[in-house]
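Chemist: Need coordinates for the following:
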Amino acid sequence: MFIKQLKKIILLLHRYLGFVLSLLFVIWFLSGFVMMYVSYPTMKHHQRLQKLPPVNMEQCHLSARQAITAGHLTDTVTTIRLGMLLNRPIYRIVTQQNKHLAVFADNGDLLNEVDTALASQVAQAFVGNRSHPVAVEKLTKIDQWMAAHRYQGYLPQVYRFKMDDEEKTYVYVSIYTGEVVQMLNARQRFLAWLGPIPHWIYPTVLIRNRPVWSQVVIWVSLIGVVMSITGIVMGFTRYKRKKKQSIAFSPYKKPWFRYHHYTGFVFGIFIFTWILSGLFSMSPVDFGPDSGKILEARKRLSGGPLNTTAFTVSPAQAVNAFRPLLTVKEIQLIQVLGKPYYLAYQDYHHTCLLAADRADSQPFEVFPSNALTETVKAFQPEQAIQDTAVMNSYDNYYYSRTYEKRLPVLRIRVDNPEQSWYYIDLKTGQLALKHEKGSRIERWLYHGLHSLDFGFLVYKRPLWDTIMWLLLFGGTLVSVTGLVLTGKWIKRKAKKIS
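Modeler: Residues are numbered from 1 along each chain as shown. As a prediction, this is how the structure comes out:
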């Protein structure tokens, strides 16, 4: 009796949750095809560098310390970059309290709020003067295409320009720093509405309120997990083979019920793992590592707050030293193990370093690994270093399907209770990634199950594509048959009411 009641409860749960989520599941799987090849349209660091002009430091008369004084800053500086605003060198500074300001390096003037005319010139120059702004809007909060502003480190206050090119490009210029922070065209916007936006449940109203968006995705995913589990259970309990020589096993006589049973029986487990891994993408469980510990590790690698008085080599001298090696698009002032360095970017993968406290210093490309290893040892002196390795290729935890992450990195594995792994970017001396035992498990529960980005598969194209297409197609079939059954149920209920 109990088993019979339990089966009935499971059936009702699956049926009614399916009625609620069937359309969303169809959308998730169809958008999943797009997500294989289309990411959310954000202008990444390397894309921005490609559009920037080479720096001209002939008129750079201010040191970083003088720029901070000119900006009347008392807060701790976390980032200083030196680049160009049209034809003038400019320091762009971010503080610990997330204050963004810009100081001209030629005369020390503080760039107050950028006006529309200047922003328009910046936008036009950024597209190589191939198009002109035809409309402008001043935004004070993020729009649909600024979802990445937090991790890209810019504030929501921007000018959004519509350009008069055939691609219908939008260019976003920061009101505080006068730099382009986002650019996308009509094709990217269209594909985003087919892929990332429906897949992540990412309309503007939700991305402006991250806690609400997070709870929506978590609860919808949880309901989807329950629906998937009950469907798998029902698939097995309804399995009935009447004839040994026949492959038919569904007791349903109505075609759509039978189609749903067959497709669900074959692909149900994959649907379950995809919804479960989507839930884990929201980190409903804290697998670590602790963000405070990561921040502390970064501070110890840098040697404390950025000491701008230590930069005795001028930016102009630094650019002259870099010039034979690369075309400098932007310079970042960094500190590694307490010593100051200029980090010059031509693009994301072509960088160069120069010690900023010695007039006779020579440019170099990567930091030696020994001193960085000794610093990590000092994090937990009672714990032994398990091993170290300079990686010139990706492993299962520091990797990129699109090869965007920089190499080489120094991997240091510590024999502590958390089994900490540190990945240090040798081109910048910064902590690129930290993993612990829990976060490595989460990596497989999320990325492994959701994107099938296993090392033996993800770089083998088109094998990875073929497997993903097959599984997504199966998930789509299950969802579509469920949606048809939902429609038929609604139609029957509507007839009874009428």
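Chemist: Show me the shaky parts of the stretch 151-300 of the chain.
Modeler: Along the stretch 151-300 of the chain, the model assigns pLDDT under 70 to residues 242-246.
Chemist: just so I have it, where are all the helices in it?
Modeler: 186-194, 196-200, 204-207, 210-237, 255-280, 291-302 (DSSP state H, counting those that start in this stretch).
Chemist: Would you format those helices as a markdown table with distance to residue 447 and mean neighbour count included?
Modeler: In short, each C-beta sits where N, CA and C put it, glycine included. Output for those, formatted as a markdown table (distance: least, CB to CB, whole Å; neighbours: other CB atoms under 10 Å):
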| stretch | distance to residue 447 | mean neighbour count |
| --- | --- | --- |
| helix 186-194 | 21 | 15 |
| helix 196-200 | 15 | 19 |
| helix 204-207 | 22 | 15 |
| helix 210-237 | 16 | 17 |
| helix 255-280 | 8 | 20 |
| helix 291-302 | 19 | 14 |
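Chemist: Serialize the ones you listed to JSON lines and add fields for distance to residue 452.
Modeler: JSON lines is the format used below for the helices of the stretch 151-300 of the chain (distance: least, CB to CB, whole Å):
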{"stretch": "helix 186-194", "distance to residue 452": "21"}
{"stretch": "helix 196-200", "distance to residue 452": "16"}
{"stretch": "helix 204-207", "distance to residue 452": "27"}
{"stretch": "helix 210-237", "distance to residue 452": "18"}
{"stretch": "helix 255-280", "distance to residue 452": "10"}
{"stretch": "helix 291-302", "distance to residue 452": "28"}
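Chemist: so which of the ones you listed comes closest to residue 358?
Modeler: Closest to residue 358 of the helices of the stretch 151-300 of the chain is helix 291-302 (CB to CB; 18.7 Å).
Chemist: what does the closest one contact?
Modeler: 334-338, 372, 375-376, 378-379, 422, 424, 429-431, 434 (CB atoms under 8 Å, 6 or more residues apart in numbering).
Chemist: so of the residues you listed, which ones are in helices?
Modeler: 372, 375-376, 378-379 (DSSP state H).
Chemist: Residue 412 should be in a strand, yeah?
Modeler: Yes - Residue 412: assigned to a strand according to DSSP: H, G, I helix; E, B strand; the rest coil.
Chemist: who's in contact with it?
Modeler: 372-373, 376, 385, 388, 421-422, 424.
Chemist: so residue 202 touches residue 195, yeah?
Modeler: No - contact criterion CB atoms under 8 Å: residue 202 and residue 195 do not qualify, at 10.1 Å.
Chemist: between these two, who's got more neighbours?
Modeler: residue 195 (22 against 17; other CB atoms under 10 Å).
Chemist: For the more buried one, list the residues it contacts.
Modeler: 31, 34-35, 38.
Chemist: for residue 146, same thing?
Modeler: 139, 156, 158, 172, 182.
Chemist: Pick the one among those closest to residue 221.
Modeler: Nearest to residue 221 among the contacts of residue 146, with distances taken as CB to CB, is residue 156, at 27.5 Å.
Chemist: quick one on the thing from earlier: now a PyMOL select for only the buried ones of the contacts of helix 291-302.
Modeler: Typed into PyMOL, the line below selects the buried ones among those, using 16 or more other CB atoms under 10 Å:
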select buried, resi 334+335+336+372+375+376+379+422+424+429+431+434
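Chemist: Can you tell me which of the contacts of helix 291-302 lies closest to residue 113?
Modeler: For these, the residue nearest residue 113 by CB to CB is residue 334; the value is 28.3 Å.
Chemist: Distance check, that closest one against residue 343.
Modeler: Residue 334 sits 5 Å away from residue 343, going by CB to CB, to the nearest Å.
Chemist: try residue 401
Modeler: For residue 401, the distance to residue 343 - CB to CB - is 26 Å.
Chemist: Neighbour count: the two, which is higher?
Modeler: Using other CB under 10 Å, the more surrounded residue of residue 401 and residue 343 is residue 343, with 21 against 15.
Chemist: wait, isn't the more buried one in contact with residue 332?
Modeler: Yes - the pair residue 343 / residue 332 is scored as a contact, 4.5 Å apart, by CB under 8 Å.
Chemist: residue contacts, residue 407?
Modeler: By CB under 8 Å, 6+ apart, residue 407 lies in contact with 391-394.
Chemist: Secondary structure element for residue 399, which one?
Modeler: Taking DSSP states H and E as the definition, residue 399 sits outside all helices and strands.
Chemist: how about it, what does it touch?
Modeler: Applying CB under 8 Å, 6+ apart, we find residue 399 in contact with 405, 453, 455, 458.
Chemist: Please tell me how far it sits from residue 407.
Modeler: Residue 399 is 10 Å from residue 407, where distance means CB to CB.
Chemist: For the nearest residue to residue 223 once chain neighbours are set aside, list the residues it contacts.
Modeler: Closest residue to residue 223 apart from its sequence neighbours, by CB to CB, 6 or more residues apart in numbering: residue 17 at 5.9 Å. Neighbouring residues of residue 17 by CB under 8 Å, 6+ apart: 223-224, 226-227, 230.
Chemist: pretty sure residue 17 belongs to a strand, no?
Modeler: No - assignment of residue 17 by three-state DSSP gives helix, placing it outside any strand.
Chemist: buried sites along stretch 113-127?
Modeler: Applying 16+ other CB under 10 Å to stretch 113-127 flags 114, 118-127 as buried.
Chemist: quick one: terminal-to-terminal distance for stretch 239-259?
Modeler: Using CA to CA, to the nearest Å, the end-to-end distance of stretch 239-259 comes to 13 Å.
Chemist: How far does stretch 160-180 sit from its chain's centre?
Modeler: 22 Å (CA atoms, centre = their mean, to the nearest Å).
Chemist: Give me the buried stretch members for it, please.
Modeler: Of all the residues in stretch 160-180, those buried under the rule 16+ other CB under 10 Å are 160-163, 169-180.
Chemist: Nearest to residue 256 among those residues?
Modeler: residue 170 (43.7 Å).
Chemist: Thought residue 183 was touching the closest one, still the case?
Modeler: Yes - assessed by CB under 8 Å, residue 170 is found in contact with residue 183 at 6.8 Å.
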